[in-house]
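*Asks:* Fold the following and give me the result.
(2 chains)
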Amino acid sequence: MFVMPLWVRSFSRRLTRAAAFGVTARLFAASPDEPDFHFDPVDHYGSRLLTGVMVLGIILVLYSLIKYQGKTSSGAAWGLLLVSLVLIPGMVFSFGTVLVFERAEKPELCESCHFAMQGHIDDMRNPNSTSLAAIHYRNRYIPANQCYECHTSYGINGTVEAKMSGIVDLYKYYTRTFHKPIKMREQYPNGDCLKCHAQAVKWQAQHGDFKESLFKGEMHCLDCHGANNPAHTVTE
Amino acid sequence: MSSKKGFSKKRAGLIFAQLLTLMSFGLGLAFMYRTTGATLFLFSVLAPGLATFSMLLLAVAGIVAFRKRHSLFEIEEFQAGQSVFEQGEMGQCAYFIESGEVEIIRTPEGAEPVLLAKLGQGNFFGENALLTEGPRNATVRATRLTKLAILGKENFLALCKMVPAARQDILKTARERSSVRETSLTAPITGD
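*Replies:* Numbering: from 1, shown residues only, chains lettered A, B, ... in the order given. Take a look at the predicted model:
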């Protein structure tokens, strides 16, 4: 009969305890810099719950591996397999998808590719910068997810395009095949400005004479606005 | 005598499925701990793929077990030294030897394995666990290339119910084997 080596059982017990302790410590770690009106209970409690469920899943899988070692000698063995391989992963990846979509929009995610994007993020947050990104950020014209809101086109199609473009960016970043200075693959589309500005009364008053040209793409927003205020001022 | 132990494909598949699930949970924890482009991609693309594949492996194992339980004389081949079943497992089928030979080995608690019998062509085994609803009371291993016709538990019990003469024969054999188990004087197997 196959017997799991003692060192494997001992190691897996220690690993499980360490994972549970480390994760539990972070589960209840507070975020003191977060103002109350930025508190997202779904992310806050959901991520902690999800982490707990994953730790539980790991414990159940390890228990099943050690106790049954792949045998299905009883209904309990099948039940444990069903819970640990189907139910718990199903819960994890269905709610996990929600968290993935939420976190994919945050500037912190863009910032994590720091070799490529740190300069852009620093410029955005620079209170003295005159770039369009800094102006929008400083005045909170966009309250949150600033990178995503400006660089994603309208609707689900815009989201899909952003995700696919993000995969290419990810590949280039981790294979270090990107080139500096970082440039957009296509000209910044007017629609990404107009989706917020076009229906504003102030914008209508100031752009009424040539708004049709802007809508049709015959003129570009950055032709005028990019001259004095570049989208980003990256000094690296 | 070969001491090679069988490690069925089903069991290997289930262990592999559990390892894949562990990996997917690990990727999830990495995403929770530090959300970067890489961890996000791995958690949203690779981890669900691993988990889905392990679910498929579990489904296949379930289908294999179900088919075995309901099998009607499906032929399965066992190499020399390969286990047909291990002592302590739950029984899902009876076996009829079409060709080859198997050895029946019982390991009493805290004692050395004891060779109870060798069965050849025309014999059957595995009936006791089906009749008593208990676990297998011995390990059965092929001594050479062996072909076994497998009768699933449901069909075996139906046969016993519908053909009283067959049931009598099977019960008689089971009683004789029970007697052999209790009074066996065969020397313990010392292994190769």
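
*Asks:* So which elements touch the longest helix anywhere in chain B?
*Replies:* With secondary structure taken from DSSP state H, chain B has its longest helix at helix B:9-33. Applying 3 or more C-beta pairs under 8 Å, 6 or more residues apart in numbering or on different chains; DSSP states H and E, one finds that helix B:9-33 makes contact with helix A:6-27, helix A:41-68, helix A:88-103, helix B:37-41, helix B:47-69. Backbone N, C-alpha and C define where each C-beta goes, glycine included.

*Asks:* Now do the contacts for the residue most central in space within chain B.
*Replies:* In chain B, the centroid-proximal residue (C-alpha atoms, centre = their mean) is B:Phe85; its distance is 4.3 Å. Applying C-beta atoms under 8 Å, 6 or more residues apart in numbering or on different chains, we find B:Phe85 in contact with B:91, B:126, B:136, B:139-140.

*Asks:* Tell me which of the helices and strands packed on helix B:9-33 sits nearest to B:Tyr95.
*Replies:* For the helices and strands packed on helix B:9-33, proximity to B:Tyr95 was assessed by C-beta to C-beta; helix B:47-69 is nearest, at 10.9 Å.

*Asks:* What residues of the closest one count as buried?
*Replies:* Residues B:47-48, B:50-51, B:54-55, B:57-58, B:61-62, B:68-69 are the ones in helix B:47-69 that count as buried (16 or more other C-beta atoms under 10 Å in any protein chain shown).

*Asks:* Show the overlap between the residues you listed and what lies near chain A.
*Replies:* Applying C-beta under 8 Å from any C-beta of the partner chain to the buried residues of helix B:47-69, one finds that B:47-48, B:51, B:54-55, B:58, B:61-62 fall near chain A.

*Asks:* Dump the residues you listed into JSON lines; add pLDDT as well.
*Replies:* Output for these, formatted as JSON lines (pLDDT from 0 to 100):
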{"residue": "B:Ala47", "pLDDT": "96"}
{"residue": "B:Pro48", "pLDDT": "96"}
{"residue": "B:Ala51", "pLDDT": "96"}
{"residue": "B:Ser54", "pLDDT": "97"}
{"residue": "B:Met55", "pLDDT": "96"}
{"residue": "B:Leu58", "pLDDT": "96"}
{"residue": "B:Ala61", "pLDDT": "92"}
{"residue": "B:Gly62", "pLDDT": "92"}
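
*Asks:* tell me the mean pLDDT over the longest helix of chain B?
*Replies:* Per-residue pLDDT over helix B:9-33 has a mean of 94.

*Asks:* Which of the three states applies to B:Arg181?
*Replies:* The three-state label given to B:Arg181 by DSSP: H, G, I helix; E, B strand; the rest coil is helix.

*Asks:* what residues are up against it?
*Replies:* Contacts of B:Arg181 by C-beta under 8 Å, 6+ apart are B:106, B:116, B:137-138.

*Asks:* and those residues as JSON lines, adding neighbour count and distance to B:Met23?
*Replies:* Shown next, in JSON lines, are the contacts of B:Arg181 (neighbours: other C-beta atoms under 10 Å in any protein chain shown; distance: C-beta to C-beta, whole Å):
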{"residue": "B:Arg106", "neighbour count": "19", "distance to B:Met23": "39"}
{"residue": "B:Leu116", "neighbour count": "19", "distance to B:Met23": "43"}
{"residue": "B:Asn137", "neighbour count": "17", "distance to B:Met23": "38"}
{"residue": "B:Ala138", "neighbour count": "25", "distance to B:Met23": "37"}
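
*Asks:* Can you tell me which of the buried residues of helix B:47-69 lies closest to A:Gly191?
*Replies:* Among the buried residues of helix B:47-69, and counting by C-beta to C-beta, the member closest to A:Gly191 is B:Pro48, at 32.0 Å.

*Asks:* So that closest one is in contact with A:Ser94, correct?
*Replies:* No: B:Pro48 is beyond contact range of A:Ser94, at 9.6 Å (criterion: C-beta atoms under 8 Å).

*Asks:* tell me, what residue is most central in chain A?
*Replies:* Note: chain A centre (C-alpha atoms, centre = their mean) maps to A:Ala104, 1.8 Å.

*Asks:* Excluding covalently adjacent residues, which one is nearest to it?
*Replies:* The shortest distance from A:Ala104 to any non-neighbouring residue, by C-beta to C-beta, 6 or more residues apart in numbering or on different chains, is to B:Leu40 (6.2 Å).

*Asks:* contacting residues for the residue nearest to the centre of chain A?
*Replies:* By C-beta under 8 Å, 6+ apart, the neighbours of A:Ala104 are A:148, A:163, A:166, B:40.

*Asks:* Out of those, which is nearest to A:Cys221?
*Replies:* Using C-beta to C-beta, A:Tyr148 is the member of the contacts of A:Ala104 that lies nearest A:Cys221, at 18.6 Å.

*Asks:* Contacts only, for the closest one.
*Replies:* A:Tyr148 sits next to A:104-107, A:110, A:162 when contact means C-beta under 8 Å, 6+ apart.

*Asks:* hey, which helix or strand in chain A has the poorest pLDDT?
*Replies:* helix A:6-27 (a mean of 62; mean pLDDT, DSSP states H and E).

*Asks:* ok, so of the contacts of B:Phe85, who is nearest chain A?
*Replies:* If you rank the contacts of B:Phe85 by distance to chain A using C-beta to the nearest C-beta, B:Thr139 comes first, at 8.1 Å.

*Asks:* what's around the closest one, how many residues?
*Replies:* Using other C-beta atoms under 10 Å in any protein chain shown, B:Thr139 is surrounded by 22 other residues.

*Asks:* Give the bridge partners for it, please.
*Replies:* B:Ile105 (DSSP bridges).

*Asks:* how far does stretch B:119-132 sit from the chain's center?
*Replies:* 14 Å (C-alpha atoms, centre = their mean, to the nearest Å).

*Asks:* Of all the residues in it, which ones are buried?
*Replies:* B:119, B:124-131.

*Asks:* hmm, who's touching it?
*Replies:* B:84-85, B:90-91, B:93-104, B:134-137, B:140, B:153, B:156-157, B:160, B:170-171, B:173-174, B:177-178.
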